[in-house]
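> next comes the sequence, and after it the predicted model I'd like to discuss.
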Amino acid sequence: MSTIWMIASGTFGEAMRRKILNVFLFVGIALMFMGFAFSSFQPREEMVVIKSLGLGVIALAGVFISVILFINLIPQEIERRTIYTILSKPVQRYEFLCGKFLGGLMTVFSNILLMGVSFIILLLIKEHHWDADITEALKGVLMIFFQIMLLGGISMCFSVILSPFVNFFLSFAIYLLGSMSSVTESLAANPDGKKNPIVVKIFEVIHVLIPNFGNFNIQNPIIHPDVVIHNETIYLIQNVLYALLWTAILMTIAVLAFDRREV
Amino acid sequence: MLTSQAKTGMGVFIALLFIVQAVLQSGWYFHDNGYNPAKPPVIADNRWTYSIDEQRHQYEPANQGDSDNAAKHLPIEFALGAVVGFREAVAGLLWVRTDEFFHNGDYEAITPMVRIITWLDPHQIDVYETGAWHMDYNFTDDGQRSDRRYVPLSIALLTEGIKNNPNIPALDSDLAFTHYYRKVEDYQGAKQWFLDGQAKINKVFADADKPGALPSEQRAAVDAGADITTLSHGLAHAYEGIGDIPAAMKQWKYCIDMHQRNITKGANSSWGEKSSLDISKKQLGEMEQRLKWRTQLFKTTPPVDLGFEAEIVRTGPRVFVAQGFLNVIGSKDFKLEDGSHTWEPVDGARVEIRLEDVGYKMKLIPDFSLNSLSLNPNVTIMQEAASVRGGKWSKTIEMNKDPGMYSFTAPKYTITFWFNPSNTNDCPPNVQDRFGWLGEGITDQHYLDTSGQLPGDILSPIPGLRYVKKTITLTREDLLGTGRKVFKTSTTN
């Protein structure tokens, strides 16, 4: 475990040296700008716009940070040949892979955390006090983190077997497809039996085979507090479990693939 | 390197996790008949057995509108952003852009944006409200008269908003007050939507008061509490408008109870609540007094002959002066406490004037779609009001500056003039004291109408209403002709 942690710390430190936190700086400035840009709206409208754009900006920035970071983690080590030095030491391949993933995750987490804090500060400035809306917004930021973790797992898994260029587009393609959970679910449903059963089966497989990023989009009731949600805690726990399960699957596949790879 | 046993173990591990995630996601393998997204389950209690798919639908913006049309017109960058989970952010961006259109006076661009935004995020209450308000009031001619062809669109938009947000009374309130009560002046229509909204307020309060109420239910109750002033007060006014005074008084008592509830619960601004409570008490007190004096008056005093007369004078092509007489009697010094008064001719009443194609009847449309935003260019409708001063009324109406709004393509037109005592915009309280809530105190030798059915876009009659109305039918040539000409009666059937 200490080996994994050491690799993770190194990866995190390197990401910091590459000034990846600058992304947070830009997003933070954008959020602050947003706080003053919509004052012409009525207070309720202003909060709707700030929350929707704020969560959108955090999610979008998170997606880009995650993909760009994770697609390069392994190929960069191979390209710079530092991987040979590391693997020549008493470090198992799975430890190396898990360490890199954990380090990447810490980087993404710190970014989302800082963006989330900026967002909450902005909401506090606007609302003047801590209330239920801000707690709800925190749940949204938490779900974005797990969504980004899952996306990182995909990029990491592909980075073992694909070039960064191919990985970039494939990761985004899966993210786009997975974000359309409702579409794939509708296409996979055939309640009246009128659809072609083969097509339905194909979409059933796609719906189950592709990680559903749409599960984590819980921003609508956060933006509109009047929307009544039942079993919210259960849903959030299920989503966290879902993200962890998929990440475990992807990392196990990555470990198996990395084991076969000649490095 | 991993041993083959380890690899096999990891393969089994992956397969197991994969099955678990599939069950967590869809739960399909536990459903007998397959999951039907068209009929998602009603999620009500704390159960782990709901799949993520089943529960996710709560978080997705449900839409009852014409989404296909909106999707076709959505710019590709917005469409892409929307389908990958940034619906609300895209809707927010579009609303910011729409606000710019509003400040630049580019109202025409607003309605398609409203359609697209409410498709993307059907919970944007302000967008429904603002969009309908634009259509009701902001598409005007050179004389600031609104384009009445938008009325069915406004109703369709707000009705869709109500369908998409079934627990939120604010939209019912908006449809009832801003649209039916204020714009169309259809008090029966307003009453129906106010009642619908009030039933929601009561349900929201009941849900919030039950043990184990969700935080969102409690927040909804706070918001619903704020709707009492607009919605429940509005319902009392609507009852008054249809002359159902016992129901109006009962409604003011309800308002008093609800404001006291809000004050007790500490919801909303206490100053605002106290002020609304005082208004409700004042309204109830005045209504009780007025009921007493008016009931006595109509038993002992004969009705006033309004001597209503109306004519239209063409002063040029599409330019008219509507004018006539109305004997308006009221009291400037009616004391509610003792009923003392002096009846005399007073100013302040209004006569309504409406010109429209012969046989025009407003048709409600089923959907607020982008296609429906293209108004029928062949329909001409104009509505205006003229103030009565010294028993005379007159209004110059220039319909020659807005050919897009007034095309005059129909061969015949009806021009209707009416005075409605139940409408407090047309008949102020000091006049209503003499004429009554339903025109009990008026008569007219020629134009008294007791059908209860008012002209315009008003769909439901008011039982017992007495008002005066004169209608003349003119041809297209009459209206487009040159030179001065007076029309007192119809020139065609």
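Here it is on my side, so go on.
> what residue ranges in the chain score low on pLDDT?
Answering for chain A, as no chain was given. Low-confidence segments of chain A, defined by pLDDT under 70: A:1, A:21, A:32.
> to clarify, I was referring to chain B.
B:28-42, B:44-47, B:62-75, B:77, B:268-269.
> switch the cut-off to 80
For chain B, applying pLDDT under 80 flags the ranges B:1, B:27-49, B:60-85, B:214-216, B:266-270, B:370-371, B:493.
> quick one, helices of the stretch 151-263 of chain A?
For the stretch 151-263 of chain A, the helices defined by DSSP state H, counting those that start in this stretch occupy A:164-179, A:181-188, A:197-209, A:219-223, A:232-260.
> a markdown table please, covering the ones you listed and showing mean neighbour count.
(C-beta placed from N, C-alpha, C; glycine too.) Below are these laid out as a markdown table (neighbours: other Cβ atoms under 10 Å in any protein chain shown):
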| stretch | mean neighbour count |
| --- | --- |
| helix A:164-179 | 18 |
| helix A:181-188 | 20 |
| helix A:197-209 | 15 |
| helix A:219-223 | 24 |
| helix A:232-260 | 19 |
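> in chain A, what residue lies closest to chain B?
residue A:56 (2.6 Å; Cβ to the nearest Cβ).
> so what's the one residue in chain B that gets nearest to chain A up against?
Relative to chain A, the nearest point of chain B is residue B:89 (2.6 Å; Cβ to the nearest Cβ). Residues near residue B:89 by Cβ atoms under 8 Å, 6 or more residues apart in numbering or on different chains: A:52, A:53, A:55, A:56, A:57, A:59, A:60, B:81.
> how about the strand or helix carrying residue A:121: buried residues?
Element membership for residue A:121, per DSSP states H and E: helix A:93-127. Using 16 or more other Cβ atoms under 10 Å in any protein chain shown as the burial criterion, the residues of helix A:93-127 that qualify are A:93-112, A:114-116, A:118-120, A:122-123, A:126.
> just the buried positions in stretch A:141-156, please.
A:141-156.
> residue B:388 looks like it's in a strand, true?
Yes. The assignment for residue B:388 (DSSP: H, G, I helix; E, B strand; the rest coil) places it in a strand.
> for the top helix by length along chain B, which positions count as buried?
Ranked by number of residues, the top helix in chain B under DSSP state H is helix B:270-300. Neighbour-count burial for helix B:270-300, counted by 16+ other Cβ under 10 Å, picks out B:273, B:276-277, B:279-280, B:283-284, B:287, B:289-290, B:293-294, B:297.
> got the residues of the stretch 51-200 of chain B near chain A?
Contacts of the stretch 51-200 of chain B with chain A, taken as Cβ under 8 Å from any Cβ of the partner chain, map to B:52-53, B:55-61, B:83-93, B:95-96, B:99, B:103, B:121, B:123-126, B:165, B:167-168.
> ok, 6 Å please
The stretch 51-200 of chain B comes close to chain A at residues B:52-53, B:55-56, B:58-61, B:83-86, B:88-89, B:92, B:123, B:126, B:168, as judged by Cβ under 6 Å from any Cβ of the partner chain.
> restricted to helices, list those.
With DSSP H as the criterion, helices contain B:52, B:53, B:55, B:56, B:88, B:89, B:92, B:126 from among those.
> show me where the stretch 51-200 of chain B has its helices.
Counting by DSSP H, counting those that start in this stretch, the helices of the stretch 51-200 of chain B are B:52-56, B:67-73, B:76-81, B:87-103, B:110-120, B:125-133, B:151-164, B:169-174, B:187-209.
> what's the longest one in contact with?
Residues external to helix B:187-209 that are found in contact with it (Cβ atoms under 6 Å, 6 or more residues apart in numbering or on different chains): B:169, B:172-173, B:175-176, B:180-181, B:217-218, B:220-221, B:224, B:227, B:231-232, B:234-235, B:238, B:241-242, B:460.
> try it again at 8 Å.
So helix B:187-209 is contacted by B:162, B:166-173, B:175-177, B:180-181, B:213, B:217-218, B:220-221, B:224-225, B:227-228, B:231-232, B:234-235, B:238-239, B:241-242, B:258, B:261, B:422, B:458-462 (Cβ under 8 Å, 6+ apart).
> picking up where we left off before, report the two of the contacts of residue B:89 separated the most.
Farthest pair in the contacts of residue B:89 (Cβ to Cβ) is A:55 and B:81. Separation: 13.0 Å.
> the inter-axis angle of the helix or strand hosting residue A:23 versus helix A:93-127?
Using DSSP H and E, residue A:23 sits in helix A:22-37. For helix A:22-37 against helix A:93-127, the angle between stretch directions is 20 degrees (axes from the mean of the first three to the mean of the last three Cα atoms, to 10 degrees).
> any idea which helix or strand carries the nearest residue to residue B:177 once chain neighbours are set aside?
Excluding its sequence neighbours, the residue lying closest to residue B:177 (Cβ to Cβ, 6 or more residues apart in numbering or on different chains) is residue B:234, at 4.6 Å. Using DSSP H and E, residue B:234 sits in helix B:233-241.
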